[in-house]
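Asker: Here's a sequence, model it:
(2 chains)
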Amino acid sequence: MCQASEDYAEPVREDPPPVPRPGREQKCVKCAEGLPVVVIRAGDAFCRDCFKAFYVHKFRAMLGKNRLIFPGEKVLLAWSGGLSSSSMVWQVLEGLSQDSAKRLRFVPGIIYVDEGAACGQSPEDRAKTLAEVKLVLQSTGLPWHVVTLEEVFGLSPSVLRCAAQEPAGTEEAYKAAVDSFLQKQHVLEAEGSSSVAQGSEQLCSPPSQDPPGMAGSPTATQTEALSRLFNSVKTLTAKEELLQTLRTHLILHVARTHGYCKVMTGESCTRLAIKLMTNLALGRGAFLAWDTGFSDERHGDVVLVRPMRDHTLKEVAFYNRLFAVPSVFTPAIDTKAPEKASIHRLMEAFILKLQTQFPSTVSTVYRTSEKLVKAPREGCADGPRCLLCMCVLDIDAVDSATAFGAQTSSHLSQMLPVEAGLPTPSCCGAGEGQAQRCCRAVCGKEDMQAFVQEQLCYGCRVNMKDLSSLDPLPPYILAEAQLRTQRYWYLLFQEYLIQDSDEEEETGQS
Amino acid sequence: MAAPLCVEVEFGGGAELLFDGVKKQVTFSGQEGPWDIQNLLVWIKKNLLKKQPELFIQGDSMRPGILVLINDSDWEQLGELDYQLWDQDSILFISTLHGG
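Answerer: So this is what the prediction gives:
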């Protein structure tokens, strides 16, 4: 950096010179007038106003070029209290208040997930943080939802099912939607200014709290169950992954309950670069495009969107400081953890350190992530999905050459013992009820663990290995695993019925 | 003889967890030679950082991921470690490593 070697030793003065210092010859690279306050990328110094314009433009351009959020859609903003998500919420608020040509056209709500129990926070600290959080939420004027992580113990297995996917809007559909929305706006404005006021009220509806029973404080049993779950995980890496999974499920549930079809998360460029490398190390290479791309449609009806993915953490921190964006600091599961405590921390230290010496590190990784394509393997487009992360399983059951295939097929062959009371055709003919009973006879505890493992992708399997047992997991996960297993057996028996209906000897054998 | 130098040091973004509070007034007096950020860091490490110094300072410089703002300006703009402190300067350390 050429600035570091410049000579800044100035003669001692009587009165300190006014800030900024004379002797800084550089001007803002954009307007060549203002005094620069922040250095973006390598050596580009921006003044305050140009920086703000640059920052806001990046946000709007990210939303505009992807054209995924249709006018009038309900979008849930996932706010963690941290720098990036606070900045994202602030950008949305500013975007909503602009004049009608440039105004953001979707309908936002905010969700905050209280993860204090997983991070070992005391109830007093949690209450204090929650009070600060609610103050900020109320000041936004948007409908907000506060949920605690303990609520995962009340989720139903349906949250793990990928709902029917709506066909992605085409360019023409997007244009048509925008045009019709603008037309409606013009009509409303023509009818009188009172309608405009009504329109803006709709966007800034009074902050609502969840109906009682959802946002109430968690019971001590639930908190204890959550602590027990996280304490039973042996490594910090697996804890972080589990926390992320549970948080995603919870946000998904809230989004579906309240009719939000998009969820915006505040991951910045730096975070996504770190996430990309971390996920490679975790064995999630097949799903990088979904984990780090702009949009993530794996859940079907609810699409995750990452509008902050073009902003580096430095830009976010500066913007928040210069323009007083409120944020609430909450300790996380890896606060104060040493560098080698988890793969996430290690990768973060690696990337950030490399970035100081090679300032294009983060942007290079980011550009690479933009090129990743979401093409499923041939024939696997509608295949089974991972129980936890809901990505399409990249498994070929008959392919014994891979570790997956060998694991799966060997287990399947073990699961068809003659003496385990496999149903004869007559018993299976009675329907699914019979399959359930047969299944229960077959499924012992170790078998359940094995069945769950089979329904996970490689990355999730590796994480599950760090759990000493499946018992502390929230019930919806095990229930869904069991349902899927039963469905699998039912279909398998049906196949046997159809195949063996003509061959009496073989049905006698099985 | 250098006049006593009083600067304000502030921590944000989670860095305050490593210190006893968010803001501190620091006074240097009777120091041989001018104070720069390098000296300040050494001083902070010796006097303010009680435990886990590697989460804040690594070697001679800041841990990657912690930003330094001098009077609300980027320290890269001002010479980083070689910036000479003036009286009533405000140095802000923001940790970007926390949260999302």
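Asker: pretty sure A:R271 contacts A:L313?
Answerer: Yes - if you go by Cβ atoms under 8 Å, A:R271 and A:L313 touch, sitting 7.0 Å apart. Bear in mind the C-beta positions are built from the backbone N, C-alpha and C, glycine included.
Asker: Touching both of these two, which residues are there?
Answerer: Jointly contacting A:R271 and A:L313 under the rule Cβ atoms under 8 Å, 6 or more residues apart in numbering or on different chains are A:S84.
Asker: How about the helix or strand of chain B with the lowest mean pLDDT and chain A, any contact?
Answerer: Least confident helix or strand, chain B: strand B:23-28 with a mean of 75, by mean pLDDT, DSSP states H and E. No - Strand B:23-28 does not reach chain A (Cβ under 8 Å from any Cβ of the partner chain); its nearest approach is 14.1 Å.
Asker: can you list the domain ranges for chain A.
Answerer: Domain assignment of chain A by automatic domain parsing yields the ranges A:25-66, A:69-370.
Asker: Could you measure from A:S139 over to chain B?
Answerer: 19 Å (Cβ to the nearest Cβ, to the nearest Å).
Asker: so what's the residue nearest to that residue when sequence neighbours are not counted up against?
Answerer: Sequence neighbours aside, A:P326 is the residue nearest to A:S139 in space, at 7.3 Å (criterion: Cβ to Cβ, 6 or more residues apart in numbering or on different chains). Taking Cβ under 8 Å, 6+ apart, we find A:P326 in contact with A:S86, A:V136, A:S139.
Asker: Stretch A:471-482: which residues count as buried?
Answerer: By neighbour count on 16 or more other Cβ atoms under 10 Å in any protein chain shown, the buried set for stretch A:471-482 is A:P472, A:L473, A:P474, A:Y476, A:I477, A:L478, A:E480, A:A481, A:Q482.
Asker: Dihedrals phi and psi, B:S61?
Answerer: Here the main-chain torsion angles of B:S61 (degrees, to the nearest 10) amount to phi -130, psi -170.
Asker: Name all residues that make contact with it.
Answerer: B:L41, B:E80, B:L81.
Asker: Now do the helices in the stretch 301-450 of chain A.
Answerer: Secondary structure of the stretch 301-450 of chain A (DSSP state H, counting those that start in this stretch): helices at A:313-322, A:343-357, A:361-370, A:403-414, A:425-428, A:432-442, A:445-454.
Asker: So which elements touch the first one?
Answerer: Taking 3 or more Cβ pairs under 8 Å, 6 or more residues apart in numbering or on different chains; DSSP states H and E as the contact definition, the neighbouring helices and strands of helix A:313-322 are strand A:36-40, helix A:48-66, helix A:83-96, helix A:269-282, strand B:66-70, strand B:90-95.
Asker: Buried residues in the third one, which are they?
Answerer: Yep, that's helix A:83-96 we're talking about. By neighbour count on 16+ other Cβ under 10 Å, the buried set for helix A:83-96 is A:83-93, A:95-96.
Asker: Report the residue spans of the stretch 51-200 of chain A with pLDDT below the cut-off.
Answerer: A:100, A:164-170, A:192-200 (pLDDT under 70).
Asker: Would you map the helices across it?
Answerer: Going by DSSP H, counting those that start in this stretch, the stretch 51-200 of chain A shows helices at A:83-96, A:116-119, A:123-140, A:171-191, A:193-203.
Asker: would TSV of these with distance to A:L354 be doable?
Answerer: Shown next, in TSV, are the helices of the stretch 51-200 of chain A (distance: least, Cβ to Cβ, whole Å):
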stretch	distance to A:L354
helix A:83-96	21
helix A:116-119	28
helix A:123-140	33
helix A:171-191	38
helix A:193-203	43
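Asker: Distance-wise, check the residue nearest to A:I333 when sequence neighbours are not counted relative to A:K239.
Answerer: Distance criterion Cβ to Cβ, 6+ apart; nearest residue to A:I333, sequence neighbours excluded, is A:C119 at 5.0 Å. Distance of A:C119 to A:K239, given as Cβ to Cβ, to the nearest Å: 10 Å.
Asker: And A:R271, by the same measure?
Answerer: 18 Å.
Asker: Which one's more surrounded, those two?
Answerer: A:R271 (28 against 24; other Cβ atoms under 10 Å in any protein chain shown).
Asker: got a list of contacts for the longest helix anywhere in chain B?
Answerer: Longest helix of chain B, by residue count under DSSP state H: helix B:37-47. With Cβ under 8 Å, 6+ apart as the contact definition, helix B:37-47 has outside contacts at B:7, B:9, B:26, B:28, B:53, B:56-57, B:60-62, B:68, B:70, B:75, B:80-83, B:85, B:91.
Asker: just to revisit the earlier point, include distance to A:Q355 when you put the helices and strands packed on helix A:313-322 into JSON lines, please.
Answerer: Shown next, in JSON lines, are these (distance: least, Cβ to Cβ, whole Å):
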{"stretch": "strand A:36-40", "distance to A:Q355": "13"}
{"stretch": "helix A:48-66", "distance to A:Q355": "19"}
{"stretch": "helix A:83-96", "distance to A:Q355": "17"}
{"stretch": "helix A:269-282", "distance to A:Q355": "8"}
{"stretch": "strand B:66-70", "distance to A:Q355": "12"}
{"stretch": "strand B:90-95", "distance to A:Q355": "15"}
